[in-house]
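Colleague: Would you be able to build a 3D model of this:
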Amino acid sequence: MMTYGKVLFSTEVDSAIKTKKPIVALESTIISHGMPYPQNYEMALDVESKVRSAGAVPATIAIIGGELRAGLSTSEIEAFAKKGTQITKVSRRDMPIVIAKKLDGATTVASTMIIASLAGIPIFATGGIGGVHREAETTMDISADLEELAQTNVAVISSGAKSILDIGLTLEYLETKGVPVLGYQTLDMPAFYTRESGFKVDARVESAQEVASILHAKWKTGLKGGVVIANPVPAAYSLDLKDMECVIENALAEMKQKGIKGKDSTPFLLGKVKELTAGKSLETNIQLVLNNARVAAEIAVAYSKQ
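Modeller: Numbers count the residues shown, from 1 in each chain. The predicted structure is shown next:
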């Protein structure tokens, strides 16, 4: 008989919790659905290594055989990387189904936040958050990530919102839900592949210590919900904003023509963007995730000391 809602920890994460070491949650959808094998496997291990190098413990989040997991072995990460899109992509809506059927599930931003919160891990690094999709005024396609940010006390370090989204509407939605968007050493809202989007964040922060102070101030005041820390991709790997907008418009047009909708939209668009940028977007994706992992670990360390 299963104990629902219980999170099983790897030995490393269990030890970190017991000794109160800083921990950084990492999602598994980026492994199974974010990029092809073996780049996804290599990236996942490099991300964990980056977290450890900055003084924190990585906790890759997933559902395996219906069990909520925080911390995966190397072989488990490789299995997720090899199976890829065969593994169910799991958001809040999908969790009870995957748990009850004892399936494997790759966690999105929303479900990673839920499991991280259950595990007592307040810091989470990812690539980019979901948001309000373009033409959402007619499709109502809005990521569950935004609702999770409104109610779950986990800080998400990302390179802003994915550039395939309507970033202006995404920021408006987050403002309505009371979710602060902090720019890490920037006032510009990054757009995943690019360091800017044409929109501004709510406030600029200069250091991990400053972020940690804001997180403590929010949660100790009893203000429910997460915080977005928007960390731009390193300049050397940033793609051109105008070029990317053209690429994304072409990808969106093809997606609409093929009738692709819902949870299949993002994987299709990311794959098409990779194709149209001759693979440059994949390298950018990898580098921004590594950079976010480093910054998240520094924030986790600072948060644990306050």
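Colleague: What count of nearby residues applies to L187?
Modeller: When neighbours are defined as other Cβ atoms under 10 Å, L187 has 11 of them. Quick note: C-beta positions are derived from backbone N, CA and C, even for glycine.
Colleague: Spatially, what comes nearest to it if we skip its sequence neighbours?
Modeller: R204 (4.9 Å; Cβ to Cβ, 6 or more residues apart in numbering).
Colleague: unless I'm mixing things up, D104 is touching V90, no?
Modeller: No: look at D104 against V90 with Cβ atoms under 8 Å: they stay out of range, at 9.1 Å.
Colleague: Now do the shared contacts for the two.
Modeller: In terms of Cβ atoms under 8 Å, 6 or more residues apart in numbering, D104 and V90 are both contacted by the residues 63, 98.
Colleague: the more surrounded of the two?
Modeller: The residue with more neighbours, out of D104 and V90, is V90; 27 against 22, by other Cβ under 10 Å.
Colleague: Output the contacting helices and strands for the strand or helix carrying the residue nearest to L187.
Modeller: Using DSSP states H and E, R204 falls within strand 203-205. For strand 203-205, the packing partners by 3 or more Cβ pairs under 8 Å, 6 or more residues apart in numbering; DSSP states H and E come out as strand 181-184.
Colleague: Report the beta-bridge partners for Y184.
Modeller: Here Y184 sits in beta bridges with V205, going by DSSP bridges.
Colleague: and the most centrally placed residue in the chain, what is it in contact with?
Modeller: Nearest residue to the geometric centre of the chain (Cα atoms, centre = their mean): T126, 3.0 Å. T126 makes contacts with 26-27, 30, 109, 112, 156-158, 289, 292, as judged by Cβ under 8 Å, 6+ apart.
Colleague: and T88, how many neighbours?
Modeller: If we define neighbours as other Cβ under 10 Å, then T88 has 18 of them.
Colleague: State the phi and psi torsions of it.
Modeller: For T88, the backbone dihedrals (degrees, to the nearest 10) come out as phi -70, psi 130.
Colleague: And it, what's its pLDDT?
Modeller: Looking at T88, its pLDDT stands at 96.
Colleague: So in terms of bridging, what pairs with the closest residue to it other than its chain neighbours?
Modeller: Leaving aside its sequence neighbours, T88 sits nearest to G105 (Cβ to Cβ, 6+ apart; 5.0 Å). Under DSSP bridges, the beta-bridge partners of G105 are I63, T88.
Colleague: And the helices in the stretch 51-200 of the chain?
Modeller: Listed from the start of the chain, the stretch 51-200 of the chain has helices (DSSP state H, counting those that start in this stretch) covering 74-83, 95-100, 109-119, 136-139, 144-151, 167-176.
Colleague: and L282, which of these is closest to it?
Modeller: For L282, the closest of the helices of the stretch 51-200 of the chain is helix 74-83, at 14.3 Å, according to Cβ to Cβ.
Colleague: For the stretch 1-150 of the chain, give me the ranges with low pLDDT.
Modeller: Applying pLDDT under 70 to the stretch 1-150 of the chain flags the ranges 1-5.
Colleague: let's see it at 50
Modeller: 1-2 (pLDDT under 50).
Colleague: number of nearby residues for E135?
Modeller: Using other Cβ under 10 Å: E135 sits among 12 other residues.
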